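Undergrad: Next come a sequence and a model predicted from it.
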Amino acid sequence: MPENSEGIMSKRSIKITMSAVLAAAALTAAAPATAMSAKAPLAPLTDVRIATHFNLSAGQMPENIALLPDGTADVTFAASRQVAQVTPRGATRILATLPAPADGGVKTPVLGFALATGIVRTSDGTVYVLYATGTADLTGLWRLRPGRAPQRIAALPANGLPNGLALDEHGKRLYITDSVLGTVWTVPIAGGKPTAWSTAPELARAGFLGANGAKVHRGALWVTNLDRGTLLRIPIRSGNRAGAPQVKASGLAGIDDFAFTGRGDEILAALNGPNTVVRIKSDGTGTTVLDATDGLQNPTSIALRGNDVYVLSAAYTTATDPNLLRARLSDHR
C-alpha cells in the first residue's frame, strides 16, 4: 500500500482501498430496517453539534472510542493505524501509530488495508487496541501504556478481522469479535493465548462483515452482527462459558458499535451504511435519533458518560467529513 514519508496512507490510497467498503456498505444500506420507526420529531438527544473534525487525507477515519473520566476520548483511526486522544475542547493528539505491515496490509481480509479497530481503557489508564493486518506478526490485541511503545500481547488469526473489543474489568478479561471468522475470542487482561469463546452461527457474516460491536452488560456479552442487522445477547455462564445467543433486536441494517444508555437494556447504536444513530428500547423496538442532517458521516461507534453522548463518524462512504459529534441525552425519554 503506498504511504507517505510518515507511513500514513495518502488520500489517493484511501480512496482506492475503501472501494470494497463503498460497495458493501451500499448493499447493507439497502436492507430493510424493519425494527425502526422514522426520526422522532422530539428526539431524546439535544444540544447536537460537531465537536471535532478529523483529517481524512491523513487517514483519520475514527473507528472506536473509549472515554476518560474527564470526558477526554481515546479513539482509533482506522486507516492511519493510530490511537489518538481528543480533549473535551476538541483538540486531537496522536498517542501512538501501530507498525505498518511489510506488504502495506493488502492481505487484510475483506478490506485490503491494515486498520486499527476496537479500543477500551481500564481504570489504571491502560489502553487496549485491536489491529488487523492480514499478517501473523501484527494482527492481534495491543496494549498502550504511558511513555511506552505499543506492545502486542495476544496474537489473533491473520485470516480474521478482529473488530469489537469489550472489557470485563471485574473478571479481568477482554472479549474480541472477529467479523470475518464469526468468532468471539476471550483473552486475559494481562494478555496471552486467545480462547475461542463462541462460534455460534448467529455471529457469522453473510457476505461482508458479521460479529462487530461488543459490550459486557448485566452478566452477558452483547454483540452486533453488521450483515444480519441483529443485536445479540450471549450470557456469560460460570467458568466464563458462553451461553446460547439471544436475538434482542433485528432489522438493523449496517449496525456497527453501540452503547447502553443506563436505562436497563436500552442502547444507542450506530448504523454505518444507513448513516443513522438509533435508540433501541429493551423490547427491541427502535427510533432514529440522528441522521445526516445532524452531521453524521457513516457513524461507527458511540460512548456515553452520564447523559453526554459521543458519536464517531468515519466517512467511509461519504468521504467528506470524519468527525466527533456530541449531544445530550434527555432525562425525559
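TA: Great, that's in hand.
Undergrad: Straight-line length of stretch 298-311, end to end?
TA: 10 Å (CA to CA, to the nearest Å).
Undergrad: buried ones in that stretch?
TA: 298-304, 307, 309-311 (16 or more other CB atoms under 10 Å). For every residue, glycine as well, the C-beta is placed using N, CA and C.
Undergrad: and the two most separated of the residues you listed?
TA: Asn298 and Asn307 (24.7 Å; CB to CB).
Undergrad: Now Tyr128: closest residue in space, sequence neighbours ignored.
TA: Val120 (5.2 Å; CB to CB, 6 or more residues apart in numbering).
Undergrad: Gly164 is in contact with the one you found, correct?
TA: No: counting by CB atoms under 8 Å, Val120 sits too far from Gly164 to count as a contact (10.0 Å).
Undergrad: what's the spacing between the residue lying closest to Gly134 once chain neighbours are set aside and Thr135?
TA: Spatial nearest neighbour of Gly134, excluding adjacent residues (CB to CB, 6+ apart): Lys107 at 3.1 Å. Using CB to CB, to the nearest Å, one obtains 6 Å as the distance from Lys107 to Thr135.
Undergrad: tell me, what's touching these two both at once?
TA: Residues touching both Lys107 and Thr135 (CB atoms under 8 Å, 6 or more residues apart in numbering) are 101, 158.
Undergrad: name the element the residue nearest to Gly134 belongs to?
TA: Using DSSP states H and E, Lys107 maps to neither a helix nor a strand.
Undergrad: For Pro162, see how far away it is.
TA: Lys107 is 14 Å from Pro162, by CB to CB.
Undergrad: Run through the bridge partners of the residue nearest the centre of the chain.
TA: In the chain, the centroid-proximal residue (CA atoms, centre = their mean) is Asn64; its distance is 4.2 Å. Taking DSSP bridges as the rule, Asn64 bridges to Thr76.
Undergrad: Which one of Val120 and Gly164 is surrounded by more residues?
TA: Gly164 (28 against 25; other CB atoms under 10 Å).
Undergrad: then the strand or helix carrying the more buried one to PDB, C-alphas only?
TA: In the assignment (DSSP H and E), Gly164 maps to strand 162-168. Taking C-alpha atoms only, strand 162-168 is exported to PDB below (Å, rounded to 0.1, in the frame of the first residue of the first chain):
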ATOM      1  CA  PRO A 162     -10.600  -8.500  15.000                       C
ATOM      2  CA  ASN A 163     -13.100  -5.700  15.300                       C
ATOM      3  CA  GLY A 164     -15.100  -5.200  18.500                       C
ATOM      4  CA  LEU A 165     -13.400  -5.100  21.900                       C
ATOM      5  CA  ALA A 166     -15.300  -5.400  25.200                       C
ATOM      6  CA  LEU A 167     -13.900  -5.200  28.700                       C
ATOM      7  CA  ASP A 168     -14.900  -7.100  31.800                       C
END
